[in-house]
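Colleague: Based on what follows, work out the 3D shape:
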Amino acid sequence: MAVKQPFVSYAEYAKQEIDADERHEWHDGIVVAMSGGTLRHAALAARVIAALDGALRGRPCQVFSSDAKVRIRATKLGTYPDVSVVCGKLEVDEEDERSLINPILLVEVLSESTERYDRGAKFAHYRSLPSAQAVLLVRQDPRGLELFARQPDGTWVLHEADEGNLRIDALDVSLNVDEIYRTPLPD
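Modeller: Residues are numbered from 1 along each chain as shown. Predicted structure coming up:
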């Protein structure tokens, strides 16, 4: 028999997250603990952050780590992407000043335990965010970057690279795949 969880408003969830020992995702009133990542996962996310931060230096863009929450009102999701980028005016949720609502790029480092969700339901949530112009999936094994870019007609096109450069038109930058996967990477 399934245990019915109590409904938690977004405002209540946001308040609980301030002092929580672990992070949680909020989906339409249901709060779920997020799993911790591996050292390899953390290293790849850090390298993507460093590459984006360097490429965007001097521009009105801000790169955020997984400590930044994103709220997607259309699909009733509050979550922590591994990396997110906002360009221009930073907008936060009216119920939670710690939740971004206008990222242009969202990044997820795929792991065995989250890959299905990240590629499926979470990607669908991200696509419904009006500001989102690109979603980057960072594979661990085999190495490689998968960039989904929103087209003017609203469709999404996949660009992949497992070496060389991957261009992110939405930010007018390129990521060097070889630099992100340079050794040593923790196992």
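
Colleague: now the spatially most central residue of the chain, nearest residue through space, not along the chain?
Modeller: Central residue of the chain (CA atoms, centre = their mean): residue 81, 2.7 Å from the mean position. Leaving aside its sequence neighbours, residue 81 sits nearest to residue 106 (CB to CB, 6 or more residues apart in numbering; 4.6 Å). In this view, the C-beta of every residue, glycine as well, is placed from N, C-alpha and C.

Colleague: Contacts only, for residue 71.
Modeller: For residue 71, the contacting residues are 10, 77-78, 93, 96, 99-101, by CB atoms under 8 Å, 6 or more residues apart in numbering.

Colleague: Secondary structure element holding it?
Modeller: strand 69-72 (DSSP states H and E).

Colleague: same deal with residue 12?
Modeller: Using DSSP H and E, the secondary-structure element containing residue 12 is helix 10-19.

Colleague: Summarise which helices and strands that helix is packed against.
Modeller: Using 3 or more CB pairs under 8 Å, 6 or more residues apart in numbering; DSSP states H and E as the contact test, the elements touching helix 10-19 are strand 24-27, strand 69-72, strand 77-79, strand 96-100.

Colleague: so the residue nearest to the centre of the chain makes contact with residue 109?
Modeller: No: look at residue 81 against residue 109 with CB atoms under 8 Å: they stay out of range, at 9.7 Å.

Colleague: tally of neighbours for residue 9?
Modeller: 11 (other CB atoms under 10 Å).

Colleague: if you skip the residues just before and after it, what's nearest to it?
Modeller: Using CB to CB, 6+ apart, the closest residue to residue 9 is residue 29 (7.1 Å).

Colleague: Could you do residue 165 as well?
Modeller: Excluding the flanking residues, the one nearest residue 165 by CB to CB, 6+ apart is residue 174, at 4.3 Å.

Colleague: If we go by neighbour counts, what in the helix or strand where the one you found lies is buried?
Modeller: Assigned by DSSP H and E, residue 174 falls within strand 173-176. Going by neighbour count (16 or more other CB atoms under 10 Å), the buried part of strand 173-176 is 173, 175-176.
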